[in-house]
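Undergrad: This is the structure alone, sequence omitted:
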């Protein structure tokens, strides 16, 4: 018997087969249908989470709330400051997010009513949710450093949120005469991108060495120890004799700034700068405080399996804003947490129990364009937080040959392309 | 005739999965989702290899060699040491099953 067209009976079989296959991995289908997830913040964490929730369970309605139409990535933005890259290399749009059937709301979240599970946006829209994800990144603590406010940041840029601030610092470095002094102020822990101030110092030192060799660079630090410290310091000794690091115990903590006098003040003295990059103390983005998920530290405690806030039910906090135990505040961390959270949300909304996750962080820093170093870690939930898996992780070897440093610089660039392709591509 | 409709249904579902193999994401074993931070799932100009569709045996062997230090690496040795043999096997099997 031959047939060219399927009969109605075959069609029914097909439909049944199709239904059974698609239903199998997802029990409790009725509960999952029509669930609403609202994600606030379109950075590495929020955008990843929104897209992965939708990919894992297309029946969930997902809205991504983001005030900006373009995202400007911080990783690699130190390269923009010293002219190795352009700011446009850091910019990504949300076009592909809409293609994933995620609804994009171009607005900021003004208020959150945890009781009625609703977010009110700056345009007046009210979004109700079953699960809310907050990925607001960081805000600057404008009250933490006397003399340093938003107006002061025009003269002494922080450049810790990529965008116009990145360009302000770049233009100041370009305008500085050879023989000038650049001062970087690094904050106490925790803050976004722990090795970031030292990568920035390295690349600025590289710029000065190649373009303005009589200039010097001073890092005033509110800490005695920092990420990848020995790797950075060994490289500085070898490459950048004009770079000086002043630790906390050597009087490095900046206690106030005098913008008019272009001076950074410590308990031990005053440092006059031609270019001052003040990386100020930080906290979780504003909406975390509004939602009541930030504790007195300014950051957000979370459950290490689901990333649900320990302070408010049904609200999950991802990325730089949260307190994630051993996981540093990096873009890799944000992306990894977002994927784990997306899987947990799909399970929770389907009425099942999320799996115990394993997360990875890998973070590269450039000491020079062809000199990369890294830190990596593997994390599991333990004692209510994310802890390093014993025996794993660590930094690049101290005695590696230049070929290894070049390879890590190459991997760093590959990482940026890959992660931005996954998040925004 | 019986198998034909079922195969047809399978093909349909495959077509809806797209390049990211959506259905598999829900079943990703612990740790697997982090890998795509560096190992691209699509076409990206990077020297880091794609994992999707590779032989699970090859992925497992590579991870074990990184873990023991038998094969030199930059970050992979440090990462592989965080995974048990069973965890590595599960991740390798999952990536091997991805349609990419």
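TA: Alright, I've got the coordinates. Here the structure is a predicted model, which means the values were calculated and not measured.

Undergrad: how about whichever strand or helix holds residue A:372, does it reach chain B?
TA: Counting by DSSP states H and E, the element that carries residue A:372 is strand A:371-382. Yes: residues of strand A:371-382 contacting chain B under CB under 8 Å from any CB of the partner chain: A:374, A:376-379. Any C-beta I mention is one placed from the backbone N, CA and C, and that applies to glycine too.

Undergrad: State the mean pLDDT of the helix or strand that that strand is followed by.
TA: Remark: after strand A:371-382, the chain's next helix or strand is strand A:385-388, criterion DSSP H and E. For strand A:385-388, mean pLDDT is 98.

Undergrad: is chain B contacted by the helix or strand following strand A:385-388?
TA: Later in the chain than strand A:385-388, the nearest helix or strand by DSSP H and E is strand A:394-395. Yes: using CB under 8 Å from any CB, strand A:394-395 reaches chain B at residue A:394.

Undergrad: packing partners for the helix or strand just after strand A:394-395?
TA: Going down the chain from strand A:394-395, the next helix or strand is helix A:402-424, by DSSP H and E. Helices and strands touching helix A:402-424, as assessed by 3 or more CB pairs under 8 Å, 6 or more residues apart in numbering or on different chains; DSSP states H and E, comprise helix A:44-56, strand A:91-93, helix A:331-349, strand A:359-368, strand A:371-382.

Undergrad: Enumerate every residue touching residue A:133.
TA: By CB atoms under 8 Å, 6 or more residues apart in numbering or on different chains, the contact set of residue A:133 is A:37-40, A:46, A:49-50, A:315-318, A:341, A:345.

Undergrad: now do residue B:89
TA: Taking CB under 8 Å, 6+ apart as the definition, contacts of residue B:89 comprise B:56, B:60.

Undergrad: mind checking how far it is from chain A?
TA: Using CB to the nearest CB, to the nearest Å, one obtains 14 Å as the distance from residue B:89 to chain A.

Undergrad: can you give me the helices for chain B?
TA: Secondary structure of chain B by DSSP state H: the helices cover B:3-17, B:22-25, B:32-35, B:56-68, B:76-80, B:85-97.

Undergrad: which strands and helices sit next to the third one?
TA: Translated: helix B:32-35. Using 3+ CB pairs under 8 Å, 6+ apart: helix B:32-35 touches helix A:331-349, strand A:359-368, helix B:85-97.

Undergrad: repeat that with 10 Å
TA: Counting contacts by 3 or more CB pairs under 10 Å, 6 or more residues apart in numbering or on different chains; DSSP states H and E, helix B:32-35 packs against helix A:44-56, helix A:331-349, strand A:359-368, helix B:22-25, helix B:85-97.

Undergrad: Nearest residue to the closest residue to chain A within chain B in space, please, no chain neighbours.
TA: Per CB to the nearest CB, residue B:82 is where chain B lies closest to chain A, at 2.5 Å. Of all residues not flanking residue B:82 in the chain, residue A:378 sits nearest, at 2.5 Å (CB to CB, 6 or more residues apart in numbering or on different chains).

Undergrad: Is it correct that the one you found is in contact with residue A:333?
TA: No: the pair residue A:378 and residue A:333 fails to qualify as a contact (CB atoms under 10 Å) at a distance of 11.9 Å.

Undergrad: shared neighbours of those two, which are they?
TA: Any residue near both residue A:378 and residue A:333 by CB atoms under 10 Å, 6 or more residues apart in numbering or on different chains counts here, and that gives A:359-362, B:34.

Undergrad: circling back to that earlier point, so for the residue of chain B closest to chain A, what's the pLDDT?
TA: 98.
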